[in-house]
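Asks: Sequence plus predicted model, see below.
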Amino acid sequence: MQKFVYQLIKRILQGCGIVVALVWVASCVSVKNETAVAPYSPAVMNNSALVYGLPQTRLYFEVELVKTRIKKGPYAEYAARMLGLQDVPMKDSERWQLGYVHIYDKAEVDNKQLYALSFRNYPQILDKLMRFTKEGLILDVSADNILMNSQTFGKNNEDFHFMNTAITTTVVEKVDTFYKTILTDTAFVRIPVLQRKVMGKTAEEQAREAANQIFGIRQGRIDIITGNTDHNPDGNAMKLVLEALDNQEEQLLSLFIGAKVESRYVHTYSVLPEKADISDPLFYFSDKTGIVSGNSADATKVWYRIGKANAPASVHVEHQAANIVYYRIPQVVEVSAGVAGSTLVGKQKSIYQLGNLVSFPLLPQKK
């Protein structure tokens, strides 16, 4: 009997020992994994804490403006008389128009939504639940709050020059004849004297020479195609010859009909949406002078619009909460851009700051 009681007490003690051990292990796990999250402030920081920021979305609107310059040809006055061309530009002009509009976005840290996560030992599970910068723990919170800025770069052909097409020199030797009277033994005699002088060709003379070159090119093209030449090129050789003739004729014609020069400029505007269902101007432009202020008489508005969004249901942020992490679920809205009353582009975009604030368990809750 005593032996039985002894064995029973031993088993009870052993059982109690097991229970105590399990409670101690659970306590250790709980203490080891205990975390606390609170809005960031220097007061809540300690050596075992990290700071993370909630994401926000910045929108970028990439807009191309095209400037078209019409340059009058130096021989425009002779286009009708020498080539039969009508309505050629008689003065330089310039106009602007919109090209493409692209919308793209980028997530960045919202430095107004920073949280401090305190812990006794670094929870390894964080690496699987959250993304951090390559340095490890603390996200870069140096993102600026500029609502809009503009970056621009351009590719243009402002240095266009008309070709010098004279096949001979631009000067001409002119011979004038005048008479000199001399006295002989019997009478006065007038004798001719030739005087040579070099003069620059007039614009009309140069225009006529350019026109003759054009007619010569056209005749040469017909002769090559019809085989009316001493040496007829064939295959790729004929193709190269005809392309060279076309290019030369085009350059010669530009002396009469002028030239169209396009310059393309790309401006990138960034917008940080703070609320939904809004429409604001990106910039104003004029078809005569390009980007202008909104007060200009001929200003045309280029706008962007953030569509409507469902009202988010966000959790209440506690001063300090255990074993949870706050995060944002983005709101999908329609983002569009256009000019005057016309929409040029529209896309669905996920915008974090318009979404709701949520919390999810970071570690198993203590029981």
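Replies: That came through fine.
Asks: next structured bit after the helix-or-strand element of the chain with minimal mean pLDDT?
Replies: Every helix and strand in the chain was compared by mean pLDDT, DSSP states H and E; the lowest is helix 2-33, with a mean of 36. Once the chain leaves helix 2-33, the next helix or strand it forms, by DSSP states H and E, is strand 35-39.
Asks: name the helices or strands packed onto that next one?
Replies: Strand 35-39 sits against strand 93-119, strand 321-322, strand 324-339, with contacts defined as 3 or more C-beta pairs under 8 Å, 6 or more residues apart in numbering; DSSP states H and E. Yep, even glycine has a C-beta here, placed from its N, CA and C like the rest.
Asks: I'd like the ones you listed laid out as JSON lines, including mean neighbour count and distance to G220.
Replies: What follows is the helices and strands packed on strand 35-39, written out as JSON lines (neighbours: other C-beta atoms under 10 Å; distance: least, C-beta to C-beta, whole Å):
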{"stretch": "strand 93-119", "mean neighbour count": "16", "distance to G220": "34"}
{"stretch": "strand 321-322", "mean neighbour count": "16", "distance to G220": "87"}
{"stretch": "strand 324-339", "mean neighbour count": "19", "distance to G220": "48"}
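Asks: For those, which has the smallest mean pLDDT value?
Replies: Ranked by mean pLDDT, those bottom out at strand 321-322, which scores a mean of 81.
Asks: who's in contact with that strand?
Replies: Contacts with strand 321-322, where a contact means C-beta atoms under 8 Å, 6 or more residues apart in numbering, come from E34, T35, A36, V37, A38, S359, K366.
Asks: To be precise, which single item in those residues has the lowest pLDDT?
Replies: Minimum pLDDT across these is recorded for K366, with 53.
Asks: Take the helices and strands packed on strand 35-39 and write them to a markdown table, including distance to L65.
Replies: Listed next are the helices and strands packed on strand 35-39 as a markdown table, based on distance: least, C-beta to C-beta, whole Å:
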| stretch | distance to L65 |
| --- | --- |
| strand 93-119 | 6 |
| strand 321-322 | 51 |
| strand 324-339 | 11 |
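Asks: Let me know which of those strands is the nearest to G84.
Replies: G84 lies closest, by C-beta to C-beta, to one member of the helices and strands packed on strand 35-39: strand 93-119, at 23.3 Å.
Asks: What helices and strands are in contact with the closest one?
Replies: strand 35-39, strand 49-71, strand 278-286, strand 324-339, strand 342-361.
Asks: Give me the sheet partners of it and which way each runs.
Replies: In the sheet containing strand 93-119, its partner strands are strand 35-39 (antiparallel), strand 49-71 (antiparallel), by DSSP bridges.
Asks: With that, I have no additional questions.
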